[in-house]
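A.B. asks: need a 3D model of the following:
(2 chains)
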There are 2 protein chains.
Amino acid sequence: MAASTTSLTAAQALMGRAVAGAGQSPVHSDRVALSTGFGLSALAGRALKTSARQQQRAARPRRAQLVRAAAVETLKGTEASAPPALVEKSVNTIRFLAIDAVEKANSGHPGLPMGCAPMGHILYDEVMRYNPKNPYWFNRDRFVLSAGHGCMLQYALLHLAGYDSVQDEDLKSFRQWGSRTPGHPENFETPGVEVTTGPLGQGIANAVGLALAEKHLAARYNKPDSEIVDHYTYVILGDGCQMEGISNEVCSLAGHWGLGKLIAFYDDNHISIDGDTEIAFTEDVSARFDALGWHTIWVKNGNTGYDEIRAAIKEAKAVTDKPTLIKVTTTIGFGSPNKANSYSVHGSALGAKEVDATRQNLGWPYEPFHVPEDVKSHWSRHTPQGAALESEWNAKFAEYEKKYAEEAAELKSIISGEFPAGWDDALPKYTPESPADATRNLSQQCLNALAKVIPGFLGGSADLASSNMTLLKMFGDFQKATPEERNLRFGVREHGMGAICNGIALHSPGLVPYCATFFVFTDYMRAAIRISALSEAGVIYVMTHDSIGLGEDGPTHQPIEHLVSFRAMPNILMLRPADGNETAGAYKVAVLNRKRPSILALSRQKLPQLPGTSVEGVAKGGYIISDNSSGNKPDLILTSTGSELEIAAKAADELRKEGKTVRVVSLVSWELFDEQSDEYKESVFPSAVTARVSIEAGSTLGWEKFVGSKGKAIGIDRFGASAPAGRIYKEFGLSVENVIAVAKAL
Amino acid sequence: MAASTTSLTAAQALMGRAVAGAGQSPVHSDRVALSTGFGLSALAGRALKTSARQQQRAARPRRAQLVRAAAVETLKGTEASAPPALVEKSVNTIRFLAIDAVEKANSGHPGLPMGCAPMGHILYDEVMRYNPKNPYWFNRDRFVLSAGHGCMLQYALLHLAGYDSVQDEDLKSFRQWGSRTPGHPENFETPGVEVTTGPLGQGIANAVGLALAEKHLAARYNKPDSEIVDHYTYVILGDGCQMEGISNEVCSLAGHWGLGKLIAFYDDNHISIDGDTEIAFTEDVSARFDALGWHTIWVKNGNTGYDEIRAAIKEAKAVTDKPTLIKVTTTIGFGSPNKANSYSVHGSALGAKEVDATRQNLGWPYEPFHVPEDVKSHWSRHTPQGAALESEWNAKFAEYEKKYAEEAAELKSIISGEFPAGWDDALPKYTPESPADATRNLSQQCLNALAKVIPGFLGGSADLASSNMTLLKMFGDFQKATPEERNLRFGVREHGMGAICNGIALHSPGLVPYCATFFVFTDYMRAAIRISALSEAGVIYVMTHDSIGLGEDGPTHQPIEHLVSFRAMPNILMLRPADGNETAGAYKVAVLNRKRPSILALSRQKLPQLPGTSVEGVAKGGYIISDNSSGNKPDLILTSTGSELEIAAKAADELRKEGKTVRVVSLVSWELFDEQSDEYKESVFPSAVTARVSIEAGSTLGWEKFVGSKGKAIGIDRFGASAPAGRIYKEFGLSVENVIAVAKAL
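C.D. replies: All right, here's what the predicted structure looks like:
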């Protein structure tokens, strides 16, 4: 069989990337969506064979060593260090591309690129394996600039390396409307950028997710005779990232998990926006990382110590059971005679005079944006070398596929994001006779069903697995010694959890990470959730205990404003299912939306299976679950979500007994309902019917949209209380009686 | 002068506590508000004398030693350890009060109280200085249960110590509707509880804030002959708190600041909800704290090693330049023969059978909720001792006041929360002729004005002081060696910053902390902001760069959904001032609302001083800034907030030129407007006028409430973009032209 039909070509991988978002409402409307014929019939409807994988465990240690040896061997091929003078010239090219772009935009951050250019050069020119003409080649090394404000470093490197996404005109339109070089690295704007950074600490967390994905897939798919998954994850983070709590969370996990192929460069330049780090950051960072179980190295001269940097990377690679932190002491704004080593070079253009002085100082006679010919020529080898690396890997994959057809099919699904046909048939179905249950339990049924049919489905909870009901029963825990397993144990680290999942989701289109905590604790991880939405990472957020219905734990644990706060967030789906069918429907939506994350708000308390709910209804966001009127003109519309839909349904029953015509509408996702046609919306909420009551155990803000100025929203506009749930519902007026009373008053 | 008239009595301190919230919209409507005659005329209108304080610096080191010696001396008086058998009995009393209360509620967390009872006993019975009959005595030691789920530990201790807030019936109504013993510690429900915990990591951060407040006030007010401010802050935190990123943030700061009187007990029980901490938390915690600049001690037997615990506290107190972490290895659920040392004892009642088995095992023959007489009798001494401690301090304060009248007046203001009369006259005033300026700059004028007249005004930024414009120009930085200064340097630690400010605010009613970052990064600190709102901590959140108006930094830095997300949060004021007068008005509101935090959303970009804006208008939340109609019936109402009010005003001018009658309404705070009378609301938004257009650079969700179903909301329901601000405004339709076009279409 020819490699072109059995292996993943660049075009296919690109297609896989694109297909994952097909059919979705795009935020970034200029993105291309391609259709693909990349079939996965071998996978269709087949459950994964766990026992086979379990049998392989005994062989793991030896396999890991082999993988390592092979990787070092392969790497040598791309290590083609230029002569020292040319390295220096290349490094200065990077510096001046950054200086010039910031100067032209009169906006941006020149300091970091000037200081980190040496490590950047070594990474992209000497160490990393990538194919500039296919930024989505599966087995590429990943690079994350966690200190995202220094994005001109990455743009300069992508430009030199030959990525089509950052051409000369892109550098010149840095930070301008419609450019591919925005003010912080954005994966959805610039192919070659892996994740979206800028909010500090997110990038290092994403990198942990990328490294986790590699370790997991390597453990599942590598064979003694074929290390088909084998790449490093590199990250540069600064003092700002180090101060953020999220970075300690994820680095604690990275140490715990032993992510040996994660190599982090800590740009230790002693300067943050408010001045010397002495004013707020005097801890011993390396000692902290030692305590977190990392290997640590200190490069004392990050400005010109190229060999020190090279040796550190070599040492880091030799340590395979721990992630490595390379503290690289640099000078922010290196080369600027009057601004280096000061906060003034962090976030503003140098100014024409200082740019000239820096050109003088570094001996740089060229015009702005000039790349000297010898530098250009040196870097040009990455295009053929990258193509060769990928093609070599494709040949390897073809061999792999011949021997391991089943594993290859799974891996293809993960690489392409194309799921086995009929995967959604696996979702459980319910009738009104099915037993009442909490939606968190129904959610667990869905999670377990999906994990059986979607090879890249994995996730876990922030130390609440037994409350969030998120364990995949047929798998063990992803741990240092069992990385092939799929239950992730995040500990009490919600923020890190979300950002790690972003990294997993963005590693490969077919990886579908989910993560869980109590809904109220989305407050801890909101910055990561927002980055999911912005960076099109289709993470599934399993958020249980979604209201005062959790009862005794009290107001610190009871969400109030959270539903509306996410309804207002762009490109994310806030779903609040009411029962089994709606929970299954919510998961179907969540899995289909690979470029739009979903939040599922789920109940702690038992709920009945309601007549009229459906998977199809959920897909529309809002739909009629019952109605005894005709001609689209009921006397009253009751609308609700989640656990209160039961109250609405019961109130409707009572009112119907009294001869009223009442419609009950489930508004499980406002965002999806908003996307329906005007005709459909009118069929659900006819404008002639103004008697409308909503009931939801949360803030009433926003419900005016559905109940109108003549309707009434029943909800909670204060904090909750500590008491048994039933009592709180009653005290807060979330009851059938109150709905009836309010409806009658209209 | 008699002590009763010159010193702060219990009643006065209580009054001070209450008055801080007087006249505000209460969330917790059952709270009592008292009026007070406690005058502060000595302070009125007087600026603080900085130079005097600066001169005192040289004397500090010696003074600190004196303070320490005196404290140790005083402490001895209360160190009256019971005989070992009685200690054991007291510890078991604590354990069984927790067991019985959880059992009766059939809900709660018995494991922590059972394991931490020994350290709890030693703290409350042997170490801490407090007055149970005045929980608000200023100079009390502070205790924070950061692992808030274990609240029955604290309730049992407060009960034994003689606090009126936790009586027998309160223990029996644990976690019930209306009780004073909710499911997690809530300062607003239970006097004696200092802060609100439960969401993990918040408590340790609050404790850092409490210790900071002590160090700051001690540096400002202690004299070589009078250590008038002198208390410790104790905190118990568990594995969960340790995993949360926020705790690393604040512990890094505590180490940096050298908060020597902060003593943290780390309940090292190796169990979290999902099982043994081995599954997710294997870092070396003590080594990490060493790296953060803490003194660390390990008590290996926290279950019965009373003397080990006592020795550790002694050692911790001897280290005055570093905070101390005492890792106390305990057994969760100690005493339960079948459930100890397992997650099953963490968060559920033991069950009748296991309660019996535990009674057997610990030799506890008593009925539920029984406190043996000898235990009761031993603890009863705290009531007279506490009264004596306070009265001794009051006498000391009377002496202090005689010698240092000015300092005493300031300190009284801080203790009582009563500000110098006319403090608000210090706020700057503007006319339409005043120069255009960014509201972040106008905010800095307000901050500097307020710091001059309010002695307890202090704060800072998360490494963005020069962007948030938050520096107090007449003060230096609060640092280890200069704790009397008022500029706090939080580093890039937003979450920790918010929670530290909660601690500062709850230390004393007259401390008014503010903190700052970019508005979008409220996402990092939302959990702390919510606790401000819930726990009635009147923190002022100075949130600049409040829209796409920040321009080139792009969508990661541009808030969209943030305004509505805070409008929906209970008991917090979301204010978005449009110019100088509105900024001053927003600060007046923020300072007045000591039990309701405020968020000020401020512009990066320059804005004109608009005719018609006013401080008084802001207090109403929404008001008319201009109108050319009569009879409360304009053709059109344009409404807006913050930076877009200028656009609304300009569009109105244009439309008026065409003969329309147009009203412009500033809706600077939706919450305050909601609280106005229906008459007032009708006078601003007459129901007969349905032609309404809103414009705001954020999510349109919620604006239906003001523009109605026939109006139109102009806003941004997608992510932002990286480009110069003017271009983004234009591209997104936030322009005078678009407002006019939309208005005409209505």
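
A.B. asks: and the closest residue to A:A568 other than its chain neighbours, how many residues sit next to it?
C.D. replies: Taking CB to CB, 6 or more residues apart in numbering or on different chains, and ignoring the residues beside it in sequence, A:A568 has B:E561 as its nearest neighbour in space, at 3.7 Å. The C-beta positions use only the backbone N, C-alpha and C, and glycine is treated the same way. The local packing count at B:E561 equals 26, with neighbours defined by other CB atoms under 10 Å in any protein chain shown.

A.B. asks: was I right to think B:E561 contacts A:S565?
C.D. replies: Yes: using CB atoms under 8 Å, B:E561 makes contact with A:S565 at a distance of 6.7 Å.

A.B. asks: which residues does the residue nearest the centre of chain A contact?
C.D. replies: For chain A, the residue whose C-alpha lies nearest the mean C-alpha position (CA atoms, centre = their mean) is A:N502; its distance is 1.7 Å. If a contact means CB atoms under 8 Å, 6 or more residues apart in numbering or on different chains, then A:N502 has A:V195, A:Q202, A:A205, A:N206, A:G209, A:A528, A:I531, A:S532, A:S535, A:A537, A:V539 as its contacts.

A.B. asks: list the contacts for the residue in the stretch 401-550 of chain A that chain B sits nearest to?
C.D. replies: Residue nearest to chain B within the stretch 401-550 of chain A (CB to the nearest CB): A:G491, separated by 3.4 Å. Each residue near A:G491 by CB under 8 Å, 6+ apart is listed here: A:E249, A:S252, A:L253, A:A462, A:D463, B:M243, B:S272, B:T277, B:A280, B:F281.

A.B. asks: how near is A:N628 to A:V742?
C.D. replies: Using CB to CB, to the nearest Å, one obtains 19 Å as the distance from A:N628 to A:V742.

A.B. asks: repeat that for A:D164.
C.D. replies: In this structure, A:D164 lies at 60 Å from A:V742, with CB to CB as the measure.

A.B. asks: which one of those two is surrounded by more residues?
C.D. replies: In this comparison of A:D164 against A:V742, neighbours counted by other CB under 10 Å, the higher total goes to A:V742 at 19 against 13.

A.B. asks: thinking again about what came up before, which SS state does the residue lying closest to the residue nearest to the centre of chain A once chain neighbours are set aside fall under?
C.D. replies: In this structure, A:N502 finds its nearest non-sequential neighbour in A:A537, 4.4 Å apart by CB to CB, 6+ apart. For A:A537, the secondary-structure state derived from DSSP: H, G, I helix; E, B strand; the rest coil is coil.

A.B. asks: what does the one 5 residues further on give?
C.D. replies: In terms of secondary structure, A:V542 is strand; the call rests on three-state DSSP.

A.B. asks: show me what contacts the residue nearest to A:N502?
C.D. replies: Applying CB under 8 Å, 6+ apart as the definition, the contact partners of A:A537 turn out to be A:C501, A:N502, A:A505, A:L506, A:I531, A:P597.

A.B. asks: of all the residues you listed, which two lie farthest apart?
C.D. replies: Greatest spacing in the contacts of A:A537, by CB to CB: A:L506 and A:P597 (11.5 Å).

A.B. asks: higher neighbour count, the two?
C.D. replies: A side-by-side neighbour count of A:L506 and A:P597, using other CB under 10 Å, places A:P597 first with 30 against 27.

A.B. asks: thought that one was touching A:L573?
C.D. replies: Yes: using CB under 8 Å, A:P597 makes contact with A:L573 at a distance of 7.3 Å.

A.B. asks: show me the contacts for the residue of chain A found nearest chain B.
C.D. replies: Taking CB to the nearest CB, chain B has its nearest neighbour within chain A at A:G245, 2.3 Å off. Residues near A:G245 by CB under 8 Å, 6+ apart: A:G201, A:H495, B:E244, B:G245, B:I246, B:S247, B:N248, B:E249, B:R493, B:H495, B:G496.

A.B. asks: right, and the pair among the residues you listed with maximum separation?
C.D. replies: Spatial extent of the contacts of A:G245 (CB to CB) is set by the pair A:G201 and B:S247 at 14.8 Å.

A.B. asks: quick one on the thing from earlier: mind giving me the PyMOL command for buried ones among the contacts of A:N502?
C.D. replies: Selecting just the buried residues from these in PyMOL takes one command, with 16 or more other CB atoms under 10 Å in any protein chain shown as the test:
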select buried, chain A and resi 195+202+205+206+209+528+531+532+535+537+539
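
A.B. asks: can you put the contacts of A:N502 in a markdown table and add secondary structure, pLDDT and distance to A:Y680?
C.D. replies: As requested, these are arranged in a markdown table below (DSSP: H, G, I helix; E, B strand; the rest coil; pLDDT from 0 to 100; distance: CB to CB, whole Å):
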| residue | secondary structure | pLDDT | distance to A:Y680 |
| --- | --- | --- | --- |
| A:V195 | coil | 98 | 36 |
| A:Q202 | helix | 98 | 38 |
| A:A205 | helix | 98 | 40 |
| A:N206 | helix | 98 | 38 |
| A:G209 | helix | 99 | 38 |
| A:A528 | helix | 98 | 34 |
| A:I531 | helix | 98 | 32 |
| A:S532 | helix | 98 | 28 |
| A:S535 | coil | 98 | 31 |
| A:A537 | coil | 98 | 29 |
| A:V539 | coil | 98 | 29 |
